[in-house]
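**Student:** have a look; sequence and predicted model below, questions after that.
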Amino acid sequence: MRLHEEMEHYRNVLIVRLKGELDHHTADGLKQRLEDALLHGRATHVLLNLAGLAFMDSSGLGVILGRYKTVTARSGRLLICGAGPAVRRLFELSGLLKIVTLYDNEHEALGSLEVVS
Amino acid sequence: MNGSNRMILSFSSRSENEAFARIAVAAFVSQLDPTVEELNDLKTAVSEAVTNAIIHGYDGNPDGMVTIEARIEGDTVSIIVRDEGKGIEDLELARQPLFTSRPDLERSGMGFTIMENFMDGFEAASEPGKGTEIRMMKRIVSKKALYN
């Protein structure tokens, strides 16, 4: 299975909905497409919706950590929603949960931004 | 089941084979009727070992070969992932969580930690210039525990 993503700009948030498998093979392409969207778009924050991910390994953690750095360097926030139990376990193991908050769905994640900004 | 049931798979060190490798192992292990979680643990561990072989063992060169040996004995699956790449100089350092020799590739440094946590047994052996061998083991128990 390959990786597909759907991107949508909502106000100053880039919403990225991932579908498929995020591994080393698919990570590089995703990284490039996300960097392009951040470079050419006007988004401050990024919301990753992982509800459609069928598989993720440590290569996915690398892409997410990399984008966390890009977004926070621009004073934005990286938000994650829809993570299944397997992905949550990877986040816990890697310590990612110490820097990123997980939300159940896009509505909840976007709501948290409106309170903050 | 009497005796052991084995399978050996060798493939080119190309990243598109990472999905093939984990799906092939998952298909082989499916005869033990694993839970979704057990199967995901196995697929993730295999994916980490194969990715390490491709990125680090062969430095991304697609001409190498990665070999997986899997063995089912009773309710236990043993998996060996082997490459004949450059090997790991300092295995203890490589096993540290968040350590990566390739921060330029945005590696998270979590591969070994994930394999150790997702499997019931884990050993790594490596010789610089010769290659690396990862041995992992997992008992498939959850469903049987539910039924009994």
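**Tutor:** In hand now; what should we look at?
**Student:** got a list of contacts for stretch B:43-54?
**Tutor:** By CB atoms under 8 Å, 6 or more residues apart in numbering or on different chains, the residues outside stretch B:43-54 that reach it are A:23-24, A:55, A:57-59, A:86, A:90, B:13-15, B:17-19, B:21-23, B:25-26, B:60, B:64, B:66, B:68, B:79, B:81-83, B:85, B:111-112, B:114-115, B:118-119, B:132, B:134, B:136, B:138. Any C-beta I mention is one placed from the backbone N, CA and C, and that applies to glycine too.
**Student:** just the CA trace of it, in CSV.
**Tutor:** The C-alpha trace of stretch B:43-54 is given here as CSV (Å, rounded to 0.1, in the frame of the first residue of the first chain):
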residue,chain,number,x,y,z
LYS,B,43,5.3,-5.9,11.1
THR,B,44,6.8,-2.8,12.8
ALA,B,45,9.8,-4.7,14.2
VAL,B,46,10.5,-6.3,10.8
SER,B,47,10.1,-2.9,9.1
GLU,B,48,12.7,-1.4,11.5
ALA,B,49,15.2,-4.2,10.9
VAL,B,50,14.8,-4.1,7.1
THR,B,51,15.0,-0.3,7.0
ASN,B,52,18.2,-0.3,9.1
ALA,B,53,19.7,-2.9,6.7
ILE,B,54,18.8,-0.7,3.7
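**Student:** helices - which of the contacts of stretch B:43-54 land there?
**Tutor:** A:24, A:58-59, A:86, A:90, B:17-19, B:21-23, B:25-26, B:111-112, B:114-115, B:118 (DSSP state H).
**Student:** which of those are buried?
**Tutor:** Applying 16 or more other CB atoms under 10 Å in any protein chain shown to the ones in helices among the contacts of stretch B:43-54, the neighbour count classes A:24, A:58-59, A:86, A:90, B:17-19, B:21-23, B:25-26, B:111-112, B:114-115, B:118 as buried.
**Student:** now do the spatially most central residue of chain A, the pLDDT please.
**Tutor:** By CA atoms, centre = their mean, chain A has its centre lying nearest to residue A:48, at 2.9 Å. The score at residue A:48 is 98. That number is its pLDDT.
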